[in-house]
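Asker: any chance you could fold what I've pasted below:
(chains A and B)
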Amino acid sequence: MHTFRTHTCGELRKTDVGRKAKLSGWIHSVRDHGGVIFIDLRDHYGKTQIVINPKMEFYQELEKWRVETVVCFTGEVVARTPETVNPKLATGEIELVAEAMEVLGETEQIPFQVAKEEQVPEAMRLEYRFLDLRREELHNNIVLRSRIIQTIRQKMWEMGFNEYQTPILTSSSPEGARDYLVPSRVHPGQFYALPQSPQQFKQLLMVAGFDKYFQIAPCFRDEDARADRSPGEFYQLDIEMSFATQEDVFKVCEDLLEEVFTQYTDKKVTHAPYPRIPFREAMEKYGTDKPDLRNPLFMIDLSEFFRKAGFKAFSSTVEKGGVVKGIRVPGIVGVQPRTFYDKMEAFAKENGAKGLGYIMWTREGEIKGPIAKFLKPEELDELEKLASIENGDALFFMCDTRAKANELGGKVRARFGEKLNLIDPNEFRFCWIVDFPFFEKDEETGAIIFSHNPFSMPQGGMEALQNRNPLEILAYQYDIVCNGIELSSGAVRNHQPELMYKAFEMTGYSREVVDSKFGGMIKAFKLGAPPHAGVAPGIDRMVMLLTDSPNIREVIAFPFNQQAQDLMMNAPSEVDMKQLRELRIIPLPHELKYEETYKKLKADAERIRAAEEAAQTAAKPS
RNA sequence: GGAGGCGUAGCUCAAUUGGUUAGAGUGCCACCCUGUCACGGUGGAUGUUGCGGGUUCGAGCCCCGUCGCUUCCGCCA
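Answerer: Next comes the predicted model:
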């Protein structure tokens, strides 16, 4: 009987000594000693050393086969002598003495080394992704990703959730990112959209009574890439629960993340309940809505102190409505050289600050620094108390409008964390950011707009919408953050049509507009919708954190490059005219409707050009 | 759409800061080697210095443009 293998390359052990075995895999490395050749044969499961003696007839032939050739060896499992055991290999106590060899897949010269850890250009790795995926690190990441997804599914099932599929071809969603569109052949001129997330479907599943939904859901957004954001598509663990409060969602998430993160990492992991930090507090303390809590530094508000204190540059800013924020950096005075302070100031200036003032308390209790001389001794005493200063500490100041000072403080805080090695790499620190504002003011127009998600539930309900200052209304809207990376947003959804109409009315949308844009959802909510809430942590980002990957491409088997291209499959690519005609993207000549449209578009374009020219002529002084 | 960084052998990098024939490691090719495990040794081949232009007696290096990759901003609930 023909088989390719009796064992995998990671399987044979000392107890198998004496057996005949057949192994198939890739030639990982060759060590040719003239009289004997050693080959590491590699497959998905591991590596096994093959020994080839010169008396074998394929000995000479072997020399022409390169690494990464796919071969099958038959032979006897032999124990290695104690001196030749390789403790680095799981199969290192044995080797296979080859008796027969068959080449299953030849290889030309490979463009980069699989067996060695060398840097390879990203574009080449992506073009030869199948080779890149053979390399140990990436291979392991993808396997780990698979295991993590398996663990997630299992835990979700244990918690009573069911997985439901939702459509990939759906309609363009009215909010958020740019859609990927798919032309409809049956309905010329009309388009499907790929889902940016299954948001509406999962809410409809709740209306349909399914109660606890999850899905490892592909999501598509036509937006530009970042190191932690894949262009085009990504996967999220989509979760929605009926009759659930914000805290119910948190409990599910915390239980799930506890399971996943303790299983796949040895690092220290935050245990539930995670800190809940109101959005405003996060902005005031950390200058960002995704703080890295491994960084112990935080901002305090010193505006009231400086309003009275004798430093005019600060007090006048406070008088004008600005703020002074301080960051206490413990124990650096006398440790960091003068240049450290200069570099931090330069960094602050690069980020739009006028300066970065500071006061230093030396270990001997002396007070130094550019701001110190402006303050009286009793003011310095008060400042020490306000900022809990001890000898050796430095206190840095950000002075600007509240928004700018907070933003700068956030950057400075992160920079200190990095430069002073304050961030423990062996830790995962989670937190929830809660109480996002429901509305905000459009900076250009001054109009009230939704600050996050129009479909989330305003805290205080109709009462709040009717009676409170819109800018003070909070939403049941939350983010989960780990080590400064946003894993997910989520919300308690607004399931009451009247509340939805009212909220949209406040941003200037009439009932009719809401009905036309979100009619499907509104209709469902009018026919008995349960209160529901959800969240959707990014799978890719979770795996990134667990594999310590600096880039999201390290945890995706076949990622796009930054320009949203698949260099291996050559996507996107041009298609032939026949397909375009069939989809009516290029109209057939006899299709009058399109010819009319074309003529109309052309006429429009010409009219606009003429108008522009006329405007230009008019603008010129004659 | 904008800003920064990078681009030298198949791959990773160097080239005394503008100086004469562009080097090393790895891979590749040939040969030697019976216990290696990233085996070792000897020898060899491999370059439009991303592309185009400019400055200069002379450019891998300086300048301008352009292309590619990447990071960030915009954008992304």
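
Asker: close to RNA strand B, is stretch A:416-424?
Answerer: No - figure legend: stretch A:416-424 not in contact with RNA strand B (C-beta under 7 Å from any atom of the strand); closest approach 13.3 Å. In this view, the C-beta of every residue, glycine as well, is placed from N, C-alpha and C.

Asker: compute the first-to-last residue distance for that stretch.
Answerer: The straight-line separation of the ends of stretch A:416-424 (C-alpha to C-alpha, to the nearest Å) is 13 Å.

Asker: avg pLDDT for it?
Answerer: Taken as a whole, stretch A:416-424 has an average pLDDT of 89.

Asker: what do you get for stretch A:385-396?
Answerer: Stretch A:385-396 shows a mean pLDDT of 94.

Asker: and stretch A:110-126, by the same measure?
Answerer: On average, stretch A:110-126 scores 84.

Asker: let me know whether that stretch sits next to RNA strand B.
Answerer: Yes - using C-beta under 7 Å from any atom of the strand, stretch A:110-126 reaches RNA strand B at A:111-113, A:115-124, A:126.

Asker: got the end-to-end distance for that stretch?
Answerer: First residue to last in stretch A:110-126 (C-alpha to C-alpha) measures 14 Å.

Asker: mind picking the two most distant members of the residues of stretch A:110-126 next to RNA strand B?
Answerer: Farthest pair in those (C-beta to C-beta) is A:A115 and A:A123. Separation: 21.4 Å.

Asker: burial of the closest residue to A:P370 other than its chain neighbours, as a residue count?
Answerer: Of all residues not flanking A:P370 in the chain, A:G357 sits nearest, at 5.7 Å (C-beta to C-beta, 6 or more residues apart in numbering). For A:G357, the neighbour count with other C-beta atoms under 10 Å is 23.

Asker: what's near enough to touch A:G357?
Answerer: Residues in contact with A:G357, defined by C-beta atoms under 8 Å, 6 or more residues apart in numbering, are A:G369, A:P370, A:I371, A:F396, A:F397, A:C399.

Asker: can stretch A:156-167 be found next to RNA strand B?
Answerer: No - remark: stretch A:156-167 sits outside contact range of RNA strand B, by C-beta under 7 Å from any atom of the strand, the gap being at least 13.0 Å.

Asker: please enumerate the strands of the stretch 451-600 of chain A.
Answerer: Along the stretch 451-600 of chain A, the segments classed as strands by DSSP state E, counting those that start in this stretch run A:477-482, A:485-492, A:532-535.

Asker: and the residue of the stretch 351-500 of chain A closest to RNA strand B?
Answerer: Residue of the stretch 351-500 of chain A nearest RNA strand B, by C-beta to the nearest atom of the strand: A:S489 (3.6 Å).

Asker: circling back: any chance of the residues of stretch A:110-126 next to RNA strand B in TSV, with neighbour count, distance to A:L204 and secondary structure too?
Answerer: Listed next are these as TSV, based on neighbours: other C-beta atoms under 10 Å; distance: C-beta to C-beta, whole Å; DSSP: H, G, I helix; E, B strand; the rest coil:
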residue	neighbour count	distance to A:L204	secondary structure
A:P111	12	48	coil
A:F112	15	48	coil
A:Q113	14	51	coil
A:A115	19	51	coil
A:K116	9	52	coil
A:E117	9	49	coil
A:E118	8	51	coil
A:Q119	7	48	coil
A:V120	15	46	coil
A:P121	10	46	coil
A:E122	15	40	helix
A:A123	11	42	helix
A:M124	14	45	helix
A:L126	18	37	helix
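
Asker: so which of these comes closest to A:H187?
Answerer: For those, with A:H187 as the reference and C-beta to C-beta as the criterion, the closest is A:L126, at 35.7 Å.

Asker: got the residues of the stretch 201-350 of chain A near RNA strand B?
Answerer: So the stretch 201-350 of chain A meets RNA strand B at A:R221, A:E223, A:D224, A:A225, A:R226, A:A227, A:D228, A:R229 (C-beta under 7 Å from any atom of the strand).

Asker: selecting buried members of the residues you listed in ChimeraX, what would you type?
Answerer: Restricted to buried positions by 16 or more other C-beta atoms under 10 Å, the ChimeraX selection for these reads:
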select /A:221,225,228
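
Asker: sorry, back to before: so which of the residues of stretch A:110-126 next to RNA strand B is the closest to A:T362?
Answerer: Nearest to A:T362 out of the residues of stretch A:110-126 next to RNA strand B is A:Q119 (C-beta to C-beta; 45.0 Å).

Asker: next up, phi/psi of the closest one, please.
Answerer: Here is the backbone geometry of A:Q119 (degrees, to the nearest 10): phi -70, psi 140.

Asker: same question for A:R42.
Answerer: Torsion angles, degrees, to the nearest 10, at A:R42: phi -120, psi 140.

Asker: next one: A:M398
Answerer: Torsion angles at A:M398 (phi, psi; degrees, to the nearest 10) stand at phi -120, psi 130.

Asker: burial of it, as a residue count?
Answerer: A:M398: 28 neighbours (other C-beta under 10 Å).

Asker: shouldn't it be in contact with A:L356?
Answerer: Yes - in this structure, A:M398 is within contact of A:L356 by C-beta atoms under 8 Å, at 7.2 Å.

Asker: now the common contact residues for these two.
Answerer: A:A348, A:V412.

Asker: how about the residues of the stretch 451-600 of chain A by RNA strand B?
Answerer: Within the stretch 451-600 of chain A, the positions adjacent to RNA strand B are A:H452, A:N453, A:F455, A:S489, A:N551, A:N561, A:Q562, A:Q563, A:Q565 by C-beta under 7 Å from any atom of the strand.

Asker: show me which of the residues you listed are buried.
Answerer: A:H452, A:N453, A:F455, A:S489, A:N561, A:Q565.

Asker: dig out what the fourth one forms beta bridges with.
Answerer: What it means is A:S489. A:D479 (DSSP bridges).

Asker: contacting residues for it?
Answerer: A:H452, A:N453, A:Q477, A:Y478, A:D479, A:V535, A:A536.

Asker: would JSON lines of these with pLDDT be doable?
Answerer: Shown next, in JSON lines, are the contacts of A:S489 (pLDDT from 0 to 100):
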{"residue": "A:H452", "pLDDT": "80"}
{"residue": "A:N453", "pLDDT": "81"}
{"residue": "A:Q477", "pLDDT": "95"}
{"residue": "A:Y478", "pLDDT": "95"}
{"residue": "A:D479", "pLDDT": "95"}
{"residue": "A:V535", "pLDDT": "96"}
{"residue": "A:A536", "pLDDT": "95"}
